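1. fold the following for me, if possible:
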Amino acid sequence: MSLGFQGEEVASNYLKNKGYQVLERNFRCKMGEIDIIACIHKTLVFVEVKTRRNLKFGLPCEAITKNKKVHIKKVAAFYATKNKVEKINQRIDVIEILYQGEKAYIRHTENAF
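-> All right, here's what the predicted structure looks like:
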């Protein structure tokens, strides 16, 4: 199992435990991909998951470039239009997963960008 997939599994389970309904994982279109699409309290949440084994290359969130943010926003807008949910409250969150040994540390940032 790849590190990215493993991190997405942890993030998905974390969200479910927090009361989110996970609607889709790895939603793809020609503009890009969103790792997790979930819903909580009538808010559609697009989640970018970043997973690392160490901090050698910085915090996981530092890997989300300006270009990546633009793609995520475009994919989120496409998803909302395609599914006719443009009028529902929406936000983009980031979940960072840092593994230290077998333990996974999670940081969830709501309305990240």
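2. Ile40 - how many residues pack around it?
-> By the criterion of other CB atoms under 10 Å, Ile40 has 14 neighbours. For the C-beta atoms, the positions are set from N, CA and C on the backbone; glycine is no exception.
3. same deal with Asn54?
-> Residues contacting Asn54 under the criterion other CB under 10 Å number 8.
4. next, it: secondary structure please.
-> coil (DSSP: H, G, I helix; E, B strand; the rest coil).
5. next one: it from Val94, what distance?
-> Per CB to CB, to the nearest Å, Asn54 is found 19 Å from Val94.
6. next one: Leu59
-> 10 Å.
7. again with Glu8
-> Where Val94 is concerned, Glu8 sits at a distance of 13 Å (CB to CB).
8. with Val47 instead?
-> 7 Å.
9. neighbour count: those two, which is higher?
-> Using other CB under 10 Å, the more surrounded residue of Val47 and Val94 is Val47, with 26 against 23.
10. tell me what the closest residue to the more buried one other than its chain neighbours is bridged to.
-> Using CB to CB, 6 or more residues apart in numbering and skipping the chain neighbours, the partner closest in space to Val47 is Ile36 (4.0 Å). For Ile36, the beta-bridge partners are Arg25, Val47 (DSSP bridges).
11. does Ile36 touch Ile72 like I think?
-> No: under the criterion of CB atoms under 8 Å, Ile36 makes no contact with Ile72, lying 11.5 Å away.
12. mutual contacts of those two, please.
-> Phe46 (CB atoms under 8 Å, 6 or more residues apart in numbering).
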